[in-house]
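Trainee: only geometry, no sequence info:
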């Protein structure tokens, strides 16, 4: 449609899928028969990657949008670090800290507290955090069309890194 779903609607929509994925990850799933295993096979399922454009990846992961002061979710960088090219000193985001910030946002009792937490940390709660292995700095992947053909890679290289 012409609009993306709200965070509340998106979480409601993905909750049944996430519940099934958690069950499959934690308790496994018995397939009664496969081509290679005629007597069945015990399996686990996981959401390994979420491939989408950058705004959709940020929205799905409940991260601050592309225009926020948190311009990179793989490394802890804020707009004040534009132009830094000393990548060997860049610090990776800690998914446990992101999870903690998301839980704080979820547990906040007022809209103003949620707004302050989001401004400070750039993350809201998503149903994806129910997945024990979820890491929003690594699992959302920007598809090639948006990354290369629409100039996202060039923008990051020329404008953000200088």
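Mentor: Yep, it's here. Because the structure is a prediction, the values reported are computed rather than measured.
Trainee: Against residue 131, how distant is residue 46?
Mentor: Per CB to CB, to the nearest Å, residue 46 is found 7 Å from residue 131. (Each C-beta comes from the backbone N, C-alpha and C, glycine too.)
Trainee: Name the residues contacting each of those two.
Mentor: Common neighbours of residue 46 and residue 131, using CB atoms under 8 Å, 6 or more residues apart in numbering, are 21, 25.
Trainee: Run through the protein and note the low-pLDDT ranges.
Mentor: Applying pLDDT under 70 to the chain picks out residues 1-2, 71-82, 87, 146-162.
Trainee: just so I have it, where are all the strands in this protein?
Mentor: Taking DSSP state E as the test, the strands found in the chain are 29-31, 41-43, 50-52, 140-142.
Trainee: Each with direction, which strands does the third one pair with?
Mentor: It stands for strand 50-52. strand 140-142 (parallel) (DSSP bridges).
Trainee: Pull out the buried positions in the strand it pairs with.
Mentor: For strand 140-142, the buried set under the neighbour-count rule, 16 or more other CB atoms under 10 Å, comprises 140, 142.
Trainee: outside of it, which residues touch it?
Mentor: 49-54, 57-58, 60-61, 73, 152.
Trainee: ok, of those residues, which one's closest to residue 104?
Mentor: Residue 104 lies nearest to residue 61 out of these, by CB to CB, at 16.3 Å.
Trainee: which one is that closest one nearest to, not counting chain neighbours?
Mentor: Nearest residue to residue 61, sequence neighbours excluded (CB to CB, 6 or more residues apart in numbering): residue 136, at 3.9 Å.
Trainee: and the one you found, what does it touch?
Mentor: 61-63, 73, 95, 98, 123, 126, 128 are the contacts of residue 136 under CB under 8 Å, 6+ apart.
Trainee: Would you mind checking those for buried ones?
Mentor: Buried members of the contacts of residue 136, counted by 16+ other CB under 10 Å: 61-63, 73, 95, 98, 123, 126, 128.
Trainee: Just the ones of the residues you listed in helices?
Mentor: Counting by DSSP state H, those place 95, 98 in helices.
Trainee: Other residues contacting the single longest helix found in the chain?
Mentor: As assigned by DSSP H, the longest helix anywhere in the chain is helix 7-27. Helix 7-27 has contacts (CB under 8 Å, 6+ apart) with 4-5, 29, 43-47, 59-60, 62, 124-128, 130-133.
Trainee: Which of these are buried? Put it as a ChimeraX command.
Mentor: Applied in ChimeraX, the following selects the buried portion of the contacts of helix 7-27 according to 16+ other CB under 10 Å:
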select :59,60,62,124,125,126,127,128,131
